[in-house]
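Visitor: coordinates only, sequence not included:
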């Protein structure tokens, strides 16, 4: 077993860069090491991160005593850094920018302005190079069959990062693996492709994925239907017919293919979580009561302000279209209402001056939304997503021979989201 190191606080001025570090050839002095590290080992970005966030508390420097140092009553021992050469170099240049290469001195000087400095560093002190060699190999020489540091794969990195971008794809892949629809090996390297396809609302709709809560992805189809469609998607992923080269139009075409797949029913169910803990919480404990089933809305909600704005345009077409899509029951006629909503927005925007060659989502520019008093930038995301869903789902339902839009609850939500936009567009058409 290697010598046991000790933890010790050491003044930074007593720690020197390693002239024999494996990152570079043998150098004669610290100036040469600093020049190499600054040129080839990204010291400035590291220094910037240290200024912003401090030193990584999960990693301590490893140091070894210099031979012959510390002799005499007044002389303090010095050390060479065995692990942490880059961090030590960054700290030294923040304290003394004049030691950096000439073309980087101003950058380090500006970065270090106001930098409080580090008086002491908590280090692990090893007796000599041989004592620290084993642990350096564990960090820097790969997995070594499990005894070395194991890098995260793309899925694990996405889980740690916590962003919403990949949460949906991760949840679906985790579910698929737990249900035996894909193997651990089969999902490797597939995250980005799955995420790109599932970003398309029509693909999610076709499979039956409810992504309204990114922290609890659910299915809104029966499990047999959901698993059948998801298996088809994953099989196509495995053969390469679902691939990262596909564009938005190809994603939409694929959603139509899924929608026309034989053997499925288009019945929607209450959302059921794909996460095992959430999915089985009441199923595994009979003492826990099931949540009360919420009835989905039967109609697109009718709004008197919208109707007043439409009637101000003159003519009967738009008021009648709006009245119709709010009067037809969704439980039996969602595809028909989807086509009606699409036709309504097509007609309204044409009345407001939309060119024939422009689809109605593109008609609503950021300036137009601003003129309507609606949010822009990140604030218009919900509005633009609702417009795209109504446009694409109505267009697909109207023109495709097999695919159709069956999610009435989503259509209700989208029309509610677009209420102020509709009123603003009607006012523009009047003027």
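Guide: Noted; the coordinates are in hand. Bear in mind the structure is a predicted one, so any value in this text is a computation, not a measurement.

Visitor: How about stretch 327-336, which residues are buried there?
Guide: In terms of neighbour count (16 or more other CB atoms under 10 Å), stretch 327-336 has its buried residues at 328, 330, 334, 335, 336. For every residue, glycine as well, the C-beta is placed using N, CA and C.

Visitor: Please pull up the helix or strand immediately following the lowest-mean-pLDDT helix or strand in the chain.
Guide: The helix or strand of the chain with the poorest confidence is helix 276-279; it has a mean of 56 (mean pLDDT, DSSP states H and E). Downstream of helix 276-279, the first helix or strand assigned by DSSP states H and E is helix 304-311.

Visitor: what packs against the following helix or strand past that following helix?
Guide: Scanning forward in sequence from helix 304-311 by DSSP H and E, the next helix or strand is helix 317-325. Applying 3 or more CB pairs under 8 Å, 6 or more residues apart in numbering; DSSP states H and E, we find helix 317-325 packed against helix 304-311, helix 330-351.

Visitor: hang on, the earlier thing: how about CSV for the buried residues of stretch 327-336, with distance to residue 345 added?
Guide: Shown next, in CSV, are the buried residues of stretch 327-336 (distance: CB to CB, whole Å):
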residue, distance to residue 345
328, 16
330, 18
334, 17
335, 16
336, 16
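
Visitor: Pick the one among those residues closest to residue 78.
Guide: residue 334 (77.0 Å; CB to CB).

Visitor: Can you give me the pLDDT of the nearest residue to the closest one once chain neighbours are set aside?
Guide: In this structure, residue 334 finds its nearest non-sequential neighbour in residue 408, 4.2 Å apart by CB to CB, 6 or more residues apart in numbering. As predicted, residue 408 sits at a pLDDT of 85.

Visitor: between the helices and strands packed on helix 317-325, which gets nearest to residue 226?
Guide: Nearest of the helices and strands packed on helix 317-325 (CB to CB): helix 330-351, 18.3 Å.

Visitor: by contact count, what packs against that closest one?
Guide: Using 3+ CB pairs under 8 Å, 6+ apart, the elements in contact with helix 330-351 are helix 317-325, helix 360-363, helix 381-399, helix 408-417, helix 419-430.

Visitor: between the ones you listed, which gets nearest to residue 96?
Guide: That would be helix 381-399 among the helices and strands packed on helix 330-351, by CB to CB, at 47.6 Å.

Visitor: Now do that closest one and helix 419-430, the angle between them.
Guide: Angle between the axes of helix 381-399 and helix 419-430 is 80 degrees (criterion: axes from the mean of the first three to the mean of the last three CA atoms, to 10 degrees).

Visitor: if we can go back for a sec, adding mean neighbour count as columns, could you present the helices and strands packed on helix 330-351 in CSV?
Guide: Shown next, in CSV, are the helices and strands packed on helix 330-351 (neighbours: other CB atoms under 10 Å):
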stretch, mean neighbour count
helix 317-325, 18
helix 360-363, 18
helix 381-399, 19
helix 408-417, 20
helix 419-430, 18
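
Visitor: got any ranges where the stretch 51-200 of the chain has weak pLDDT?
Guide: Along the stretch 51-200 of the chain, the parts satisfying pLDDT under 70 run over 68-75, 148, 152-165.

Visitor: please redo it, this time with the cut-off set to 50
Guide: Judged by pLDDT under 50, the stretch 51-200 of the chain has no weakly predicted residues.

Visitor: Strands of that one, residue ranges please.
Guide: 61-65, 79-83, 120-125 (DSSP state E, counting those that start in this stretch).

Visitor: Would you mind listing the outside residues contacting the last one?
Guide: Spelled out, that is strand 120-125. Here strand 120-125 makes contact (CB atoms under 8 Å, 6 or more residues apart in numbering) with 5-12, 15, 55, 60-65, 79, 88, 91.

Visitor: could you redo the last one with a cut-off of 10 Å?
Guide: Applying CB atoms under 10 Å, 6 or more residues apart in numbering, the external contacts of strand 120-125 come out as 5-15, 55, 57, 60-65, 77, 79, 81-84, 87-88, 91, 131-132, 135.

Visitor: pLDDT averaged over the strand or helix carrying residue 232 - what is it?
Guide: According to DSSP H and E, residue 232 maps onto helix 223-239. On average, the pLDDT along helix 223-239 is 92.

Visitor: need the helices and strands packed on helix 317-325 in JSON lines with mean pLDDT, can you?
Guide: Below are the helices and strands packed on helix 317-325 laid out as JSON lines (pLDDT from 0 to 100):
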{"stretch": "helix 304-311", "mean pLDDT": "90"}
{"stretch": "helix 330-351", "mean pLDDT": "90"}
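
Visitor: Residue 269: which of those is closest?
Guide: Set against residue 269 and scored by CB to CB, these come closest in helix 330-351, at 13.1 Å.
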